[in-house]
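Colleague: mind folding the following:
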Amino acid sequence: MKTQIERIHARQILDSRGRPTIEVDVRLADRSFGRVSVPSGASKGASEAHELRDGNPARYGGLGVLKAVANVNGEIAKSVLGRDGRDQFALDALLRELDGTPQLSRLGANATLGVSLAVSRAVAVSQGQEFFERIAELAKVSNPMLPLPMTNILSGGLHASGGMDAQDFLAMPMCAESIEDAIHLIAQVRSAAIEVVRKRGLPTLLADEGGLSPGLKSGRDALLMMVESIEHAGLRPGVDIAIAIDVAASTLEASAERYRLTREGRECTSEQMIDMFTAWLREFPISSIEDGLGEEDWGSWRVLTKKIGDQVQLVGDDLFTTNPSRLARGIREGVANGILVKANQNGTLSGTLEVIAQAKAAGFATIVSARSGETEDSFMSDLAVGSGAGQIKIGSLRTSSTVAKYNQLLRIEEVSRAPFAGFSAVAGRG
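Modeller: Now for the predicted structure:
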């Protein structure tokens, strides 16, 4: 059988932050080869799948992944060698069964995801498919779609050592008609933002995902700078470019239903946070707000969704953690209208595809996302296209780890007939 898994080998490599991560190689019986490197996050939801680290302070400050590597090269390899790589769902079910814990904490989600994706990529090679075509086949998506990007321009939070309270302010190309067009528009805003920041005498330091970290005092100041950057690029805020915000509110929680805005020197209740977002919507062309409240502040999330969910995309990241049970609760309770999808929050490819399908069935927007610790692997671009997610959140147009994903989207646009999702993919627009 040509797609029989013949060899699996993992190694420790470094991510975009210089921290260890795991890379997995898979070879099939017909010599087809697949390689995947697994990203790592900074802002993490408590319910996401477990990233296994060594905890040895003498090696990379405890962040090594040699235990996860050993699990792939040992227990996992012994269990999956000889299996048909085409049966992705059976493979992923076996990986979960081997681990035996709800959050893949024994073997590590970084180990299981690396194997899951590398096998799928090898099978795509064996079958003469582009990787996005293999993913579409698994997802039963007959019409893959090129996603609308949201791109990091200004950063704070855990992505920039607390340089601003909110984690990211992003640009979304409203008027783009293709991926190439979207990337060009984003590049214009990103370049203009550098000039605006420099003109103000502020630092142009890069955050983890390549955004600028000027250290502004408030979210409103950041929004004003976003508008100025869009206009400086010769574009129209709310017509050509919309603004997205990743608040990462769980990192701001001071106590239950209270949030500490350190840069502003104040604490807010959940109600005050909602009022702040409502005021921002009146003043600025905001299309998407991610993790506006904490991951366990469910009651306030319901209020937020009821109040402004018909005006703006409300995205759960830490809230949902690409977890089907948490997403089901959100759907049931009328919380949010979009989900950020991160494969390493889930731990397998098929599990990630199932969450995307679950969200789509409920009318939720789906945004495939990178992590703050990335590699040059571009699998997430293929995942976004193949699953027909509609949106993608990569990071800024800086550093090879983020640009690799944009470049892969350009390649896919060239070789496929997939349509571009455009701004219609954004939820909460009345």
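
Colleague: which residue packs closest to Ser178, ignoring adjacent ones?
Modeller: In this structure, Ser178 finds its nearest non-sequential neighbour in Phe420, 5.1 Å apart by CB to CB, 6 or more residues apart in numbering. Every residue, glycine included, has its C-beta placed from N, CA and C.

Colleague: residue contacts, the one you found?
Modeller: Listed by CB atoms under 8 Å, 6 or more residues apart in numbering, the contact set of Phe420 reads 145-146, 148, 176-179, 182, 413.

Colleague: elements contacting the helix or strand of the chain with the lowest mean pLDDT?
Modeller: For the chain, the helix or strand with the lowest mean confidence is strand 253-255, at a mean of 85 (criterion: mean pLDDT, DSSP states H and E). Contacts defined by 3 or more CB pairs under 8 Å, 6 or more residues apart in numbering; DSSP states H and E place strand 253-255 against strand 258-261.

Colleague: where do the strands sit along the stretch 251-400 of the chain?
Modeller: 253-255, 258-261, 266-269, 286-290, 313-316, 338-341, 365-369, 390-393 (DSSP state E, counting those that start in this stretch).

Colleague: export these as CSV, with columns for distance to Val227 and mean neighbour count.
Modeller: Formatted as CSV, the strands of the stretch 251-400 of the chain follow (distance: least, CB to CB, whole Å; neighbours: other CB atoms under 10 Å):
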stretch, distance to Val227, mean neighbour count
strand 253-255, 29, 12
strand 258-261, 21, 19
strand 266-269, 23, 14
strand 286-290, 11, 26
strand 313-316, 19, 28
strand 338-341, 23, 28
strand 365-369, 23, 26
strand 390-393, 20, 28
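
Colleague: same list, those, but as CSV with distance to Val115 please.
Modeller: CSV is the format used below for those (distance: least, CB to CB, whole Å):
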stretch, distance to Val115
strand 253-255, 35
strand 258-261, 39
strand 266-269, 43
strand 286-290, 29
strand 313-316, 27
strand 338-341, 19
strand 365-369, 20
strand 390-393, 24
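
Colleague: Glu75: which of those is closest?
Modeller: strand 338-341 (27.8 Å; CB to CB).

Colleague: can you list the strands that the closest one pairs with?
Modeller: Strand pairing for strand 338-341, using DSSP bridges, gives strand 313-316 (parallel), strand 365-369 (parallel).

Colleague: now what about that strand, what contacts it?
Modeller: Taking CB under 8 Å, 6+ apart as the rule, strand 338-341 contacts 288, 290, 313-317, 320, 322, 327, 330, 352, 355-356, 359, 364-369, 383, 389, 393, 427-428.

Colleague: quick test: name the residue nearest the centre of this structure.
Modeller: Nearest residue to the geometric centre of the chain (CA atoms, centre = their mean): Ser369, 1.7 Å.

Colleague: skipping adjacent residues, who's closest to it in space?
Modeller: For Ser369, ignoring the flanking residues on the chain, the nearest one in space by CB to CB, 6+ apart is Lys393 at 4.3 Å.

Colleague: any idea how far that neighbour is from Asn344?
Modeller: Counting by CB to CB, to the nearest Å, the gap from Lys393 to Asn344 is 14 Å.

Colleague: what do you get for Gly238?
Modeller: Gly238 is 34 Å from Asn344, by CB to CB.

Colleague: more neighbours, the two?
Modeller: Comparing Gly238 with Asn344 by neighbour count (other CB atoms under 10 Å), the higher total belongs to Asn344, at 25 against 14.

Colleague: contacting residues around that one?
Modeller: Counted by CB under 8 Å, 6+ apart, Asn344 has contacts 38-41, 48-49, 51, 109-110, 113, 371.

Colleague: what's the pLDDT at it?
Modeller: In the predicted model, Asn344 carries a pLDDT score of 94.

Colleague: now swap in Leu158 and tell me
Modeller: pLDDT, Leu158: 58.

Colleague: repeat that for Ser43.
Modeller: pLDDT, Ser43: 61.

Colleague: just send the strands paired with strand 338-341 back as TSV, with distance to Gly34 and mean pLDDT too.
Modeller: As requested, these are exported to TSV (distance: least, CB to CB, whole Å; pLDDT from 0 to 100):
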stretch	distance to Gly34	mean pLDDT
strand 313-316	31	98
strand 365-369	19	98
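
Colleague: so which of the ones you listed gets nearest Leu138?
Modeller: For the strands paired with strand 338-341, the distance to Leu138 is smallest for strand 365-369, at 14.7 Å, taking CB to CB.

Colleague: contacts for the closest one?
Modeller: With contact meaning CB under 8 Å, 6+ apart, strand 365-369 is reached by 147, 150, 313, 315, 317, 337-342, 356, 359-360, 380, 383-384, 387, 389-394, 425-428.

Colleague: go again using 6 Å as the cut-off
Modeller: Contacts with strand 365-369, where a contact means CB atoms under 6 Å, 6 or more residues apart in numbering, come from 313, 338-342, 356, 359, 380, 383-384, 389-393, 427.

Colleague: neighbour-wise, which of the contacts of Asn344 leads?
Modeller: Val38 (34 neighbours).

Colleague: surely it is in contact with Ile22?
Modeller: Yes. Judged on CB atoms under 6 Å, Val38 makes contact with Ile22 at a distance of 5.2 Å.

Colleague: shared neighbours of those two, anything?
Modeller: With contacts taken as CB under 6 Å, 6+ apart, Val38 and Ile22 have 110, 114 as neighbours in common.

Colleague: how about the strands in the stretch 1-150 of the chain?
Modeller: Using DSSP E, counting those that start in this stretch, the strands of the stretch 1-150 of the chain run over 5-14, 20-28, 33-37, 148-155.

Colleague: can you redo these as TSV with mean neighbour count, mean pLDDT and distance to Lys78?
Modeller: Converted to TSV, those look like this (neighbours: other CB atoms under 10 Å; pLDDT from 0 to 100; distance: least, CB to CB, whole Å):
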stretch	mean neighbour count	mean pLDDT	distance to Lys78
strand 5-14	18	98	10
strand 20-28	24	98	15
strand 33-37	21	98	19
strand 148-155	30	94	41
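
Colleague: nearest to Val303, out of those?
Modeller: Comparing those against Val303 with CB to CB, the closest turns out to be strand 148-155 (24.7 Å).

Colleague: ok, residues contacting that closest one?
Modeller: For strand 148-155, the external contacting residues (CB under 6 Å, 6+ apart) are 168-172, 182, 186, 193, 207, 209, 211-213, 222, 244, 391-393, 395-396, 421-422, 425.
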